[in-house]
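> Got a sequence here, can you build the structure:
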Amino acid sequence: MMLPPWFQQKVNPVYEPDPALANQKIRILFLDRSLRTVAGLMEGFLFAEQYSPKDGILQKLDPRVKLITLLLWVVLVSLLHSLPWVLGLYGVSLGLALLSRVSLSFFIPRVWLVLPLFAGVVALPATLNLFTPGESAVVLFSLGREYHWGPYRIPSEIALSWPGIHVALLLVSRVGTAMSFVLLLTLTTPWPNILKALRSLRVPMIYVQTLGMTLRYLLLLGQIVQDTYLAKKSRTLRPQKTRAEQQWVAGQMGMLFKRSLHLSTEVHRAMVARGYQGEVRILFPFHLRAFDGLFAGVCAALMVFFIWGGR
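The predicted structure is shown next:
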């Protein structure tokens, strides 16, 4: 079969890239960066399931023992009032991560790039001598004289106080250490085992069921939001006015809520049709072993040591 003459003609390409644009950075919009970050967190959460099948110390434990001990570590963090002892407790979490074959390059960023930084922003005002009086560490600016406003006193110099810095560091380190133990639980334990362990500890079924559904729908709804925005962007020739964009976002929020209600109803009906009654059932039953008792005993001894030293 012969090709038509017009197909054999050599013409210039429709678009020729400009070599001068090769080294220029492309500006990504805030909404694009936010959606990319959320998608990355979702992907990282799913990718973290690779650690639960590994042959580590926490993976060998009974999920009930693991749940109780790690939650007791979280409670212990809130009881310590000494920063060095809280940091020592954080070292225990890093040691458990290494013994559980969890990569520290994966573990540490997922702890310190989320809530601890937010807690640091919340604790930032406590570093000022306005709220935490004490010896000044860094003077920010001077007002010239003191001011009194009812029972409140504004010092002549606004500065970072040493007691305030200690309070902020203690709060951030507590949050980071507590998150480390919680993250160890979720990384080394499959999600159905966590839910069943909660039911074994007599947590009400409605809370366990809600927790399980929340995890599933967070991943699904996050993907729906990303697909919806990508579909809108691929059909948009030029940016619209801010008010029009806000109206589109508000409409999509309502549509997403409607879709989530419809989807939850359909999923619940499908689960009930397959025999679901609210209880979490897995193929492998829980069994307590001597190793579980040894681990619980070592953790209890360490907890007593930290309570005695950090009081």
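
> And the strands in the stretch 101-250 of the chain?
136-142, 147-149, 152-154, 157-161 (DSSP state E, counting those that start in this stretch).

> tell me which helix or strand of this protein sits lowest on mean pLDDT?
helix 30-47 (a mean of 59; mean pLDDT, DSSP states H and E).

> coming back round to it: so which of the strands of the stretch 101-250 of the chain is the most surrounded?
strand 157-161 (a mean of 18; mean count of other CB atoms under 10 Å). Where C-beta positions appear, they are placed from N, C-alpha and C, glycine not excepted.

> for that strand, packing partners?
strand 136-142 (3 or more CB pairs under 8 Å, 6 or more residues apart in numbering; DSSP states H and E).

> ok and the strand it packs on relative to strand 157-161, angle-wise?
150 degrees (axes from the mean of the first three to the mean of the last three CA atoms, to 10 degrees).

> List the neighbouring strands of strand 136-142 plus their orientation.
strand 157-161 (antiparallel) (DSSP bridges).

> any idea how far Asn193 is from Leu87?
31 Å (CB to CB, to the nearest Å).

> So for these two, which residue has more residues nearby?
Asn193 (20 against 15; other CB atoms under 10 Å).

> May I ask you to confirm that that one is in contact with Ile282?
Yes: the criterion here is CB atoms under 8 Å, and Asn193 meets it with Ile282 at 6.4 Å.

> Can you list the neighbours in contact with stretch 181-191?
Outside stretch 181-191, the residues that touch it by CB atoms under 8 Å, 6 or more residues apart in numbering are 48-49, 51-52, 54, 56, 58-59, 63, 66-67, 70-71, 73-74, 77, 93, 96-97, 100, 102, 107, 110-111, 194, 197, 212, 215.

> can we see that at 7 Å?
With contacts defined as CB atoms under 7 Å, 6 or more residues apart in numbering, stretch 181-191 is touched by 48, 51-52, 56, 58-59, 63, 66-67, 70, 73-74, 93, 96-97, 100, 102, 107, 110-111, 194, 215.
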